[in-house]
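[1] below is the sequence, then the predicted model.
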Amino acid sequence: MNPSTNTANIGSGPASIRHRGPRPPTTYPNKAAIASTPTEPTPDPTAPASLSRALVLAAASRIYYLMLAWSARQLAPDFDASSDRHSALIKWDALHIESIAAHGYQHELQLAFFPLVPAAARAISSVVGVSVGTAGLVWSNCMFFLAVVALYKLTFKVTASHRSAFSAAVLFSIQPASIFLMSMYTESTFAALSFLGMLAWEHESNVLAALFWSLACCTRSNALLHTGYFAYGVVFCSKRRAAWATSALGVLAVGASYLAVQAYGTHLICSGIHHDRPFWCPSPTTTTTTSSSVPLFALPYSHIQAKYWNVGLFRYWTLSNVPNFLIALPILAHSLVRIWCALVPRIRDGDHGDSSWLTRLWQALGPLPLNRGERDFGPAYHVQHFVLVLVAMCAMHVQVAVRMFSSVPGVFVLPSARQKWTRWWVVYSVVWSSVGAVLFGLFYPPA
């Protein structure tokens, strides 16, 4: 094999390096060394045009899904007649988030909804003078466009291809969960902050990545999984103590954000602001509960998920939930095929010699070069994706995977050689997102 054509897929630094000659199996390049290689993407004058076209198509998709939801609401009665006073986009979880934005946390179950989106809606409402519902919709859609830009730039950073970046942005705009990214849900905010953190991490800015992911942790609990990128960088990509320190601080920052959210919600619920007092609050000895008696770091999130939504390991594995598994089947199958196509070639094509399968797997998870020319996201992204698949299948309402995977780059960045697969995914995305917009507008599940 001609070593000059041996190009690598790297996901934890710049997308590719050139590998000449056999590679010692125990040596891993640090991110700084990778960044200094002469294969950085060359300037492309079509870049602004590609991003602009992606944003135009993203805007067109918002109009399309809004018209579907609005038309459905006008032509048919809502499943829940009490929702008539709300817009076509304030349904399901958005009702809880709107209530929190308007009145604060008032009930135990509301602690399942993290405070960043309600706080942003409340701030916009107070400044602009619109309702919190309208403010929340404005916020979510602004964050959607920020997510499109961040995903475009992240994809180009990794793949060095404006075509791949444009395709990823378009697929993100027509994804199956599109209607939820328009509503007052957390998906668009979480996707934007997740992509921005990944982009900062690719640029070796652990501090900035920690900032974005800490904010993401104030939006959704699964932002805790982003700490895995810091661990990956320490194990595989850097031998510098400074990088270890910033990675450790990043883990602490993201974890602290989660604990702060839990402590804040616990304090509000347990400090006697209303009569609905959950069991995990300390039993009051008097009629008045002081703030000093409130447990600072109670973690009620898992309890609330189990109590109100029956979330837990294998709890969803019942015959009555088979339809929900069928709803999630396309996104789960798409994810598993994507992970397989990304990781298996690394094990098969790497320079492993006569190593054991465990050694081959460990080396494949590192930033090793492959005998392939197309650049792709690295193992850190796909391992996180796989963990999310396991969580979706075993420990949550599986149909929510359609929404939860909206922040996973691998769902939208597909290998160019898999044209049939890409066409199938586009058709499925358009059909299901359209059906979902109609059902959402009528207040019908799934949500």
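    Received, thanks.

[2] any regions of the stretch 301-447 of the chain where pLDDT drops low?
    Scanning the stretch 301-447 of the chain with the threshold set as pLDDT under 70 gives 346-374, 417.

[3] how about a cut-off of 90?
    Applying pLDDT under 90 to the stretch 301-447 of the chain flags the ranges 301-308, 341-380, 414-422, 445-447.

[4] all helices for it, in order.
    In the stretch 301-447 of the chain, the helices defined using DSSP state H, counting those that start in this stretch lie at 301-309, 322-349, 357-365, 379-394, 401-404, 419-441.

[5] kindly report the same for the stretch 1-150 of the chain.
    31-35, 47-75, 93-103, 116-128, 132-159.

[6] of those helices, flag the one that's most buried.
    Burial of the helices of the stretch 1-150 of the chain is given as mean neighbour count (mean count of other C-beta atoms under 10 Å); helix 132-159 ranks first at a mean of 23. The C-beta positions use only the backbone N, C-alpha and C, and glycine is treated the same way.

[7] any low-confidence regions in the stretch 1-150 of the chain?
    Those would be 1-49, 73-88, 105-109, 111, if you go by pLDDT under 90 across the stretch 1-150 of the chain.

[8] what do you get if the cut-off is 50, keeping everything else the same?
    Within the stretch 1-150 of the chain, the segments meeting pLDDT under 50 span 1-40, 84-85.

[9] residues near residue 442, how many?
    19 (other C-beta atoms under 10 Å).

[10] just the CA trace of stretch 115-123, in PDB.
    Taking Å, rounded to 0.1, in the frame of the first residue of the first chain, the C-alpha atoms of stretch 115-123 are listed here in PDB:
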ATOM      1  CA  PRO A 115     -34.600  25.800  34.300                       C
ATOM      2  CA  LEU A 116     -32.600  27.300  31.400                       C
ATOM      3  CA  VAL A 117     -35.300  27.500  28.800                       C
ATOM      4  CA  PRO A 118     -38.000  28.800  31.200                       C
ATOM      5  CA  ALA A 119     -35.500  31.400  32.500                       C
ATOM      6  CA  ALA A 120     -34.700  32.500  29.000                       C
ATOM      7  CA  ALA A 121     -38.400  32.800  28.100                       C
ATOM      8  CA  ARG A 122     -39.100  34.800  31.300                       C
ATOM      9  CA  ALA A 123     -36.200  37.100  30.500                       C
END
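
[11] outside of it, which residues touch it?
    97-98, 100-102, 132-133, 135-136, 139-140, 184-186, 189, 215, 218-219, 261, 264-265 (C-beta atoms under 8 Å, 6 or more residues apart in numbering).

[12] try 6 Å this time
    Stretch 115-123 is contacted by residues 97, 100-101, 132, 135-136, 139, 186, 189, 218-219 when judged by C-beta atoms under 6 Å, 6 or more residues apart in numbering.

[13] also stretch 223-233?
    Contacts of stretch 223-233 (C-beta under 6 Å, 6+ apart): 201, 213, 216-217, 247, 250-251, 254, 258, 380, 384.

[14] tell me the one of those residues nearest residue 154?
    Relative to residue 154, the closest of the contacts of stretch 223-233 is residue 201; by C-beta to C-beta it sits at 9.5 Å.

[15] identify the residues contacting the closest one.
    Neighbours of residue 201 in contact, by C-beta under 6 Å, 6+ apart: 209, 229.

[16] let me know the distance separating it from residue 232.
    Residue 201 sits 9 Å away from residue 232, going by C-beta to C-beta, to the nearest Å.

[17] cool, residue 379 as well?
    8 Å.

[18] cool, and residue 321?
    For residue 321 relative to residue 232 (C-beta to C-beta), the value is 34 Å.

[19] give me the more crowded residue out of the two.
    Ranked by neighbour count (other C-beta under 10 Å), residue 321 and residue 232 place residue 232 first, with 23 against 15.

[20] give me the low-pLDDT residue ranges for the stretch 151-300 of the chain?
    In the stretch 151-300 of the chain, residues with pLDDT under 50: 286-297.

[21] ok, back up a step: can I get the contacts of stretch 115-123 in JSON lines with distance to residue 165?
    Formatted as JSON lines, the contacts of stretch 115-123 follow (distance: C-beta to C-beta, whole Å):
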{"residue": "97", "distance to residue 165": "31"}
{"residue": "100", "distance to residue 165": "35"}
{"residue": "101", "distance to residue 165": "34"}
{"residue": "132", "distance to residue 165": "35"}
{"residue": "135", "distance to residue 165": "31"}
{"residue": "136", "distance to residue 165": "29"}
{"residue": "139", "distance to residue 165": "25"}
{"residue": "186", "distance to residue 165": "25"}
{"residue": "189", "distance to residue 165": "22"}
{"residue": "218", "distance to residue 165": "28"}
{"residue": "219", "distance to residue 165": "24"}
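
[22] any idea which of those residues is closest to residue 331?
    Proximity of these to residue 331 (C-beta to C-beta) peaks at residue 186, which lies at 18.0 Å.

[23] that closest one: neighbour count?
    By other C-beta under 10 Å, neighbour count at residue 186 equals 27.

[24] am I right that it is in contact with residue 218?
    No. Between residue 186 and residue 218 there is no contact under C-beta atoms under 6 Å: 9.8 Å.

[25] neighbours of residue 339, how many?
    18.

[26] so it is in contact with residue 384, correct?
    No. Checked against C-beta under 6 Å, the pair residue 339 and residue 384 is beyond contact range at 10.1 Å.

[27] what about residue 177? Give its phi and psi, please.
    Dihedral angles of residue 177 (phi, psi; degrees, to the nearest 10) stand at phi -90, psi 20.
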